[in-house]
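S.K.: mind folding the following:
(chains A and B)
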Amino acid sequence: QKEVEQNSGPLSVPEGAIASLNCTYSDRGSQSFFWYRQYSGKSPELIMSIYSNGDKEDGRFTAQLNKASQYVSLLIRDSQPSDSATYLCAVRDTGFQKLVFGTGTRLLVSP
Amino acid sequence: GAGVSQSPSNKVTEKGKDVELRCDPISGHTALYWYRQSLGQGLEFLIYFQGNSAPDKSGLPSDRFSAERTGGSVSTLTIQRTQQEDSAVYLCASSYHAGTSYEQYFGPGTRLTVT
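M.R.: So this is what the prediction gives:
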């Protein structure tokens, strides 16, 4: 059973701080990794994809991938209250096309 | 451009009835996926369509669930003889496979309540 693990949180950070969200996965052959943001009552929204080891930056978001450690993270700089949501880590199943999701980390950014 | 659309947005049905959920993917996207998200649970894969290939049905939880995709575009997920445990949000996603890009974009979902 291929698994994606996330701390459920909540992760509480003050406005303006850096939020660090972490994810580990079990399938060593995985090549594609995604972060989704899901507001309460809404569907997941893709915010980052990463395919190679290292960092990928997009605005206030940075995704980090370490395939040797089977670890992917998302950093949110200058956190805003509007960033308060559940962040889902997803890994594309090797040999298949489906995404395997973690259960998500709830982020709370306080003003 | 237009995103993935799903209908209905909400569906309340009685136990034992059949329901149909519709998904219209992003124009030009060749792959279409169905997932479901139960209250407090993670997203669970149901089925995947890619072009004219046979669908990957490995995630369907029982033979009461079926799906089809007509003309390589719109998809319908059918649940027969609904049960209370089928209550969930059913999410459709689509993607355009190019090179190593497999980004999936989700529709707004259909919230199904079985009474």
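S.K.: assumed A:Thr82 was part of a helix.
M.R.: I think there's a mix-up here, since residue A:82 is Ser and not Thr. Yes. Assigned with DSSP: H, G, I helix; E, B strand; the rest coil, A:Ser82 falls within a helix.
S.K.: any idea how far the nearest residue to it once chain neighbours are set aside is from chain B?
M.R.: The spatially closest residue to A:Ser82, leaving aside those adjacent along the chain, is A:Val109, at 7.8 Å (C-beta to C-beta, 6 or more residues apart in numbering or on different chains). Every residue, glycine included, has its C-beta placed from N, CA and C. In this structure, A:Val109 and chain B are 22 Å apart, going by C-beta to the nearest C-beta, to the nearest Å.
S.K.: using PDB, write out every CA atom in stretch B:28-48.
M.R.: The C-alpha atoms that make up stretch B:28-48 are tabulated as PDB, following Å, rounded to 0.1, in the frame of the first residue of the first chain:
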ATOM      1  CA  GLY B  28      -8.000  19.900 -24.500                       C
ATOM      2  CA  HIS B  29      -7.300  17.800 -21.500                       C
ATOM      3  CA  THR B  30      -7.000  14.100 -22.400                       C
ATOM      4  CA  ALA B  31      -7.000  12.600 -19.000                       C
ATOM      5  CA  LEU B  32     -10.000  12.600 -16.500                       C
ATOM      6  CA  TYR B  33     -10.100  11.300 -13.000                       C
ATOM      7  CA  TRP B  34     -12.700  10.700 -10.300                       C
ATOM      8  CA  TYR B  35     -11.900  10.900  -6.600                       C
ATOM      9  CA  ARG B  36     -14.100  11.100  -3.600                       C
ATOM     10  CA  GLN B  37     -13.500  12.700  -0.200                       C
ATOM     11  CA  SER B  38     -15.500  11.600   2.800                       C
ATOM     12  CA  LEU B  39     -15.900  13.800   5.800                       C
ATOM     13  CA  GLY B  40     -12.600  14.200   7.600                       C
ATOM     14  CA  GLN B  41     -11.000  11.700   5.200                       C
ATOM     15  CA  GLY B  42      -8.400  12.000   2.500                       C
ATOM     16  CA  LEU B  43      -9.000  11.900  -1.200                       C
ATOM     17  CA  GLU B  44      -9.600   8.400  -2.500                       C
ATOM     18  CA  PHE B  45      -9.000   7.600  -6.200                       C
ATOM     19  CA  LEU B  46     -11.900   6.000  -8.000                       C
ATOM     20  CA  ILE B  47     -11.300   5.800 -11.800                       C
ATOM     21  CA  TYR B  48      -9.100   7.200 -14.500                       C
END
